[in-house]
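Student: 3D model of this:
(one chain, ligands or ions: 1)
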Amino acid sequence: MRTLVWFKNDLRVSDHPALAAARERGQVVACFCMSTVQWRAHDMGDWRLAFQLRSLAALQQQLDKLNIKLAVLDAPEFSDVPAALTRLCKKWQVDALDSIDEYPLNERRRDDAVEEAMLDSGVEVNRHVGDVLVEPGILKTGNGTPYTVFTPFYKKWLDPAENAVKQISPVPEPQAAFELPDDQPSQAVPDRVDGVDRTLGEERWPAGEEVAQQLLDTFITERAARYPDDRDVPALDGTSGLSAHLAVGSISARQCVAAAMRASLHSSKSADGLQKWISEIAWRDFYRHIVAQFDHVSRGETFRQDKDHLPWRHAPDELQAWQEGKTGYPLVDAAMRQLNETGWMHNRLRMIAAMFLTKHLLIDWRAGERYFMNKLVDGDFASNNGGWQWSASTGTDAAPYFRIFNPTSQGSKFDKGGAFTTQYVPELSGLDAKYMFEPHKAGVSSYPEPIVDHKLARERALAFFKANL
Ligand SMILES: Cc1cc2nc3c(=O)[nH]c(=O)nc-3n(C[C@H](O)[C@H](O)[C@H](O)COP(=O)(O)OP(=O)(O)OC[C@H]3O[C@@H](n4cnc5c(N)ncnc54)[C@H](O)[C@@H]3O)c2cc1C
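Tutor: Numbering: from 1, shown residues only. This next block holds a predicted model:
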């Protein structure tokens, strides 16, 4: 039996249930579809695209070691995927297609259309769970509805997650080499796609399974114990830095949780940190469950449908100032410049920057969501949408609308002394620490005045939400 393993955002050979199942059945070939037009329509940015290409190239090397040939197919839009896969299956005389399910609406529609096309052409289809620890749809509240609040979800999630880590599939043994009827579709991973060179950001964001495993080991052995404190301090490397790898699947969430659970058995010092970290990965699963079970979220609508009518302000100049890191609020600006310069932003800063846009400036969260997707190396629809809707108070168990971070006091609290802020806002280097987050009070001429007054903006936001809910 010959199986085609269709890789998507699961660019790894370890803990890959589709690959493991296919290898058990017999011969394996592999493919990846380049859906650049669709990715761009989904706001995938250059950093993420380049990282994906590097991760794909790393996967190809791993597959070579297993004697598995990878075809890189051109399928510009998701609607082109069924025909591209059908052609390949015919050419390579494939009996079955195995892949890992993805959950946003367009991805689900694509996967369903592929299944239909395969069945029409007599190819067996096997769909696997590998992007989450617990399959969406399994966990239900007492009323039989999906969880829409994280904490009860998490309590229910832990047991099946613990079971899931026991099912990790090892890297399959290499297969014996064999001749394919037509070698043509196999090709190298492109060096350049849609004007983006695959070396973009290479030094900062090296790709591949080995790099991801190394980051995981470093986090578990060196950072986990201090994670509960350090994770909120942007000047420190307090988190794992694994998000881009999780987004393209060069490591699985299950491998991360498995390593953390194992380590917490042996180190009481790190146990709290590891538990906290596992709960962050559960947020990733949670947002995937939301996307899988509430289609309107993938259509750009607010999760809370009673909040879809909010009359957000049209303020293009203010949006631009936020995007460029020129709001006059140092921590917000440092955050946005970190994003623009590195393709990544620290989690606390994502919350602060997102709340600033949606609460201080009252600009539609969708504008921020789109901008983040365009810039993030770890851009991921479910987590990004979840984070934005949480910040805008339109989401699942969103921050209540009256929770509005004060960007000045957040600065004094989480970047005391301004080590992080001055790294990205060098205009403020050397400034007396007491003015670091209110530089207008020290009259720094090279840095903008605050775009809005915090107190007035807060009152405006409260009135806005009160009047419109
Ligand atoms: C407005 C906003 C937008 C966001 N956009 C994205 C995005 O596009 N892609 C993305 O991967 N994360 C996103 N996040 C979540 C979070 O900020 C990043 O996952 C985290 O900063 C990545 O750094 P790390 O890998 O070092 O995290 P760690 O602290 O080491 O966490 C480990 C992993 O857990 C997951 N995780 C952690 N926090 C969250 C969270 N709040 N929600 C969902 N998963 C989480 C991530 O996969 C992360 O890699 C967003 C958060 C907010 C508030």
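
Student: alpha carbons only for contacts and neighbour counts from here, please
Tutor: Noted.

Student: what residues does the stretch 301-450 of the chain have near the ligand?
Tutor: 346-347, 350-351, 354, 378-380, 383-384, 387-388 (CA under 6 Å from any ligand atom).

Student: between those residues, which is nearest R313?
Tutor: A354 (15.0 Å; CA to CA).

Student: retrieve the pLDDT associated with the closest residue to V248 other than its chain neighbours.
Tutor: Residue nearest to V248 in three dimensions, not counting chain neighbours: N9, with 4.5 Å by CA to CA, 6 or more residues apart in numbering. On pLDDT, N9 comes in at 98.

Student: may I ask you to name the longest helix in the protein?
Tutor: When the chain is scanned for its longest helix (criterion: DSSP state H), the result is helix 268-293.

Student: any idea how far the nearest residue to D295 once chain neighbours are set aside is from the ligand?
Tutor: Spatial nearest neighbour of D295, chain neighbours left out: L105 (6.2 Å); criterion: CA to CA, 6+ apart. According to CA to the nearest ligand atom, to the nearest Å, L105 stands 17 Å off from the ligand.

Student: element containing N384?
Tutor: N384 is part of helix 381-391 when elements are defined by DSSP states H and E.

Student: repeat that for F32.
Tutor: Judged by DSSP H and E, F32 forms part of strand 27-34.

Student: neighbouring contacts of that strand?
Tutor: 1-8, 19, 22, 68-76, 81, 175 (CA atoms under 8 Å, 6 or more residues apart in numbering).

Student: buried among those residues? Make that a ChimeraX selection.
Tutor: To isolate the buried ones among these in ChimeraX, judged by 16 or more other CA atoms under 10 Å, type:
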select :2,3,4,5,6,7,8,19,22,68,69,70,71,72,73,75,76,81
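
Student: quick one: which of the contacts of strand 27-34 sit in strands?
Tutor: Of the positions in the contacts of strand 27-34, 2-7, 70-74 sit in strands, assigned by DSSP state E.

Student: low-confidence regions, this structure specifically.
Tutor: Residues of the chain meeting the criterion pLDDT under 70: 183, 185-186, 398.

Student: report the central residue of it.
Tutor: Centroid-nearest residue in the chain, with CA atoms, centre = their mean: D380, separated by 3.3 Å.

Student: and that one, what is it in contact with?
Tutor: 247, 373.

Student: going forward, count from 12.
Tutor: Will do, 12 is the new start, and the previous item becomes D391.

Student: what backbone torsions are found at it?
Tutor: Main-chain torsions, D391, degrees, to the nearest 10: phi -150, psi 120.

Student: now stretch 125-139: buried residues?
Tutor: 125-126, 128-129, 134, 136-137, 139.

Student: could you export these to CSV, including columns for secondary structure?
Tutor: Formatted as CSV, the buried residues of stretch 125-139 follow (DSSP: H, G, I helix; E, B strand; the rest coil):
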residue, secondary structure
V125, helix
E126, helix
A128, helix
M129, helix
V134, coil
V136, strand
N137, strand
H139, strand
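
Student: can you tell me which of those is nearest the ligand?
Tutor: Comparing the buried residues of stretch 125-139 against the ligand with CA to the nearest ligand atom places H139 closest, at 19.8 Å.

Student: tell me the contacts of that closest one?
Tutor: H139 sits next to 28-29, 109-112 when contact means CA under 8 Å, 6+ apart.

Student: among those residues, which are in helices?
Tutor: 28-29.

Student: what's the farthest-apart pair in the contacts of H139?
Tutor: Maximum pairwise distance in those, criterion CA to CA, is 10.8 Å, between P28 and D112.

Student: list residues touching both of those two?
Tutor: In contact with both P28 and D112: 139-141, using CA under 8 Å, 6+ apart.

Student: those residues into CSV, with extra columns for distance to the ligand?
Tutor: Shown next, in CSV, are the shared contacts of P28 and D112 (distance: CA to the nearest ligand atom, whole Å):
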residue, distance to the ligand
H139, 20
V140, 17
G141, 14
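
Student: so what's S440 closest to, chain neighbours aside?
Tutor: Excluding the flanking residues, the one nearest S440 by CA to CA, 6+ apart is T433, at 5.4 Å.

Student: doesn't that neighbour belong to a helix?
Tutor: Yes - under three-state DSSP, T433 sits within a helix.

Student: does it really touch L439, like I thought?
Tutor: Yes - contact criterion CA atoms under 8 Å: T433 and L439 qualify, at 5.8 Å.

Student: restrict the ones in strands among the contacts of strand 38-45 to contacts with the ligand.
Tutor: Answer for the ones in strands among the contacts of strand 38-45 near the ligand: none qualify (CA under 6 Å from any ligand atom).

Student: and those residues, which is closest to V302?
Tutor: F18 (20.6 Å).

Student: who's the closest one bridged to?
Tutor: Residues in a beta bridge with F18, per DSSP bridges, are F43.

Student: look up how far S66 lies from it.
Tutor: 12 Å (CA to CA, to the nearest Å).

Student: next: P327.
Tutor: Going from P327 to S66 by CA to CA gives 36 Å.

Student: neighbour count winner among the two?
Tutor: S66 (26 against 10; other CA atoms under 10 Å).

Student: so what does the helix or strand hosting the more buried one touch, helix or strand wise?
Tutor: If you go by DSSP H and E, S66 is part of helix 57-76. Packed against helix 57-76, as judged by 3 or more CA pairs under 8 Å, 6 or more residues apart in numbering; DSSP states H and E, are the following elements: strand 207-208, helix 254-259, helix 376-386.

Student: can you do 7 Å?
Tutor: For helix 57-76, the elements it packs on are strand 207-208, judged by 3 or more CA pairs under 7 Å, 6 or more residues apart in numbering; DSSP states H and E.

Student: where along the stretch 162-311 of the chain do the strands fall?
Tutor: For the stretch 162-311 of the chain, the strands defined by DSSP state E, counting those that start in this stretch occupy 203-204, 207-208.
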